[in-house]
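In: this is a predicted model, with the sequence first.
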Amino acid sequence: MDYIQGTTSIFRIATPLILAASLAACGSIGGNSASTSASMSPPTSAMATPSMATTKVTAPDQQLINEIGYANLAEISTGQLALTKSQDVKVRSYAQRMIDDHTRAMKELQTLAQSKGGTVPTETDLKHKAIALELSALSGGLFDRQYMSQAGVSAHQRTHELLANVQRDANDPALRTHARMILPVIHSHLTEAQAMTGK
């Protein structure tokens, strides 16, 4: 009887201690689980990367896209005109380069604009149309000189300035990058035209 009473007393003392230890262990396990779960979750910044963000073209940027598009279309159309009117091999070679380079630049601009929900012009503006109309009335050496002066030097000076402004002022980083990538091409067009005209 004394043995049973002694055992019962020990059991009564030990039970709360065992229960407390068990609860502490469970709490520790739960805490580690939550910590592990939190550490395995990707951070918010990693889930929302800039490449996944969709940005729409702003009205000022759309105007800049239009102006770049007008310049591209003008160089393509006057280049095509030069191929039909000029007999000078160097002028024709320059004109073909204008067609090729500005067609490529126009496609890249279109891809960029469409990715932002924007558009590109399908025809050039009145200012460039007036230059093309003036050139179409000329022929021979006079056409060659005016083409290289107008479409070669003057137009590329304006386009160079435009792209420099876009690189500095555009809201969209992709549009600024486009301007930076195209600028060296425009610079080479300009320097070649200056060499050919002596300007």
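Out: Received the coordinates, thanks.
In: for this protein, name the helix or strand with the lowest mean pLDDT.
Out: Within the chain, no helix or strand scores below helix 44-47, which has a mean of 32 by mean pLDDT, DSSP states H and E.
In: so which elements touch the helix or strand following that one?
Out: Sequence-wise, the next helix or strand downstream of helix 44-47 (DSSP states H and E) is helix 59-85. With contacts defined as 3 or more C-beta pairs under 8 Å, 6 or more residues apart in numbering; DSSP states H and E, the packing partners of helix 59-85 are helix 89-115, helix 126-136, helix 140-147, helix 155-169, helix 173-197. For the C-beta atoms, the positions are set from N, CA and C on the backbone; glycine is no exception.
In: separation between the closest residue to residue 74 other than its chain neighbours and residue 109?
Out: Take residue 74 and drop its neighbours on the chain: the residue closest to it by C-beta to C-beta, 6 or more residues apart in numbering is residue 128, 3.6 Å away. Residue 128 is 16 Å from residue 109, where distance means C-beta to C-beta, to the nearest Å.
In: check what pLDDT the residue most central in space within the chain gets.
Out: When C-alpha atoms, centre = their mean is applied to the chain, the residue found nearest the centroid is residue 174 (2.1 Å). On the pLDDT scale, residue 174 is placed at 97.
In: distance of the residue lying closest to it once chain neighbours are set aside relative to residue 74?
Out: Spatial nearest neighbour of residue 174, excluding adjacent residues (C-beta to C-beta, 6+ apart): residue 112 at 5.7 Å. According to C-beta to C-beta, residue 112 and residue 74 sit 19 Å apart.
In: again, but for residue 153
Out: Distance of residue 153 to residue 74, given as C-beta to C-beta: 14 Å.
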